[in-house]
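Asker: got a sequence here, can you model it:
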Amino acid sequence: MFAYPLSEAVAWTTTLAALLALLEAARRARWGGSTFEHAVWALATAAVLLGQRMGVSLESGLQVQYLGSAFLALLVGYPRALLSMAGVLLIAPLLDSPPAGLPPLHSLHSWGLRMLVCGVMPVWVMWTIVQACKRLLPRNLFVFLLGCGLFGLLGSYMLQILTSASLYARLAPHPQRDFLDAFLPYALLLASGEAWLEGMIVTVLVVYVPGAVKLFDEGWYLRRQPTPPG
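Answerer: From the prediction side, this is the model:
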């Protein structure tokens, strides 16, 4: 994601929008869930936080890194994924040294925009894809595993990367000329690999621990359909 100063108007507007989304997520989150649900939530959040720290900063000011937000949405649901990403996007940059020329707390200034692009948007897209697959496609387990657990993740991450790229080209004071050649293909390639790996994890969890995947509706996909008469 970008690592350059934003205008005060953009910073405050995006922060306010992100906070409103978080308040709605906190209202919808099931705080009284089982111990197992909270354990999955904590482990998934910790894994994404660890992955976010493995990013590679480029000279352009952009960072190629693990994404993880859509995967979190599949595992723990829309509200909890937003709350987790808010913490991850706040904590992860503070654990690393800021890019050259930027103050140590610069990440707080851009947190709202990063939250909208790297948290709210991919999580919302993932949730929408899951609902669309249930409504429009056959009631088949592979619809979820492939449509949501592979292509849904890939589509969410592709949209996130392209949106980040568009914002960089529009808002950066001096966009790098080699951006499209250096960053974008590499980021899209890594996102494809991430979606493939996370898709395999989702498949294993659905088969052996279906309760660990919050957006997997076991009753819908595994319920025996009635045989038509005649």
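Asker: now for the longest helix along the chain, which elements pack on it?
Answerer: Assignment by DSSP state H gives helix 184-208 as the longest helix of the chain. Contacts of helix 184-208 with other secondary structure elements, assessed using 3 or more Cβ pairs under 8 Å, 6 or more residues apart in numbering; DSSP states H and E, are made with strand 63-64, helix 69-76, helix 151-171. Bear in mind the C-beta positions are built from the backbone N, C-alpha and C, glycine included.
Asker: now that helix: buried residues?
Answerer: For helix 184-208, the buried set under the neighbour-count rule, 16 or more other Cβ atoms under 10 Å, comprises 184, 187, 190-191, 194-195, 198-199, 201-203, 205-206.
Asker: quick one: the helices in the protein?
Answerer: Taking DSSP H as the criterion, the chain carries its helices at 8-28, 35-52, 69-76, 78-94, 106-109, 111-115, 121-136, 141-142, 151-171, 179-182, 184-208, 218-222.
Asker: and those helices, which is most packed in?
Answerer: Of the helices of the chain, the one with the most neighbours on average (mean count of other Cβ atoms under 10 Å) is helix 69-76, at a mean of 29.
Asker: which strands or helices does it pack on?
Answerer: By contact count (3+ Cβ pairs under 8 Å, 6+ apart), the secondary structure elements abutting helix 69-76 are helix 35-52, helix 78-94, helix 121-136, helix 151-171, helix 184-208.
Asker: which residues does it contact?
Answerer: Residues lying outside helix 69-76 but in contact with it, judged by Cβ atoms under 8 Å, 6 or more residues apart in numbering, are 37, 40-41, 44-45, 48, 80-81, 84-85, 118-119, 122-123, 125-127, 130, 148-149, 152-153, 156-157, 160, 194, 198, 201-202, 205, 212-216.
Asker: repeat that with 6 Å
Answerer: 41, 44, 48, 81, 84-85, 119, 122-123, 126-127, 153, 156, 198, 202, 213-215 (Cβ atoms under 6 Å, 6 or more residues apart in numbering).
Asker: next one: stretch 199-212
Answerer: So stretch 199-212 is contacted by 40, 74, 145, 149-150, 213, 216, 218 (Cβ under 6 Å, 6+ apart).
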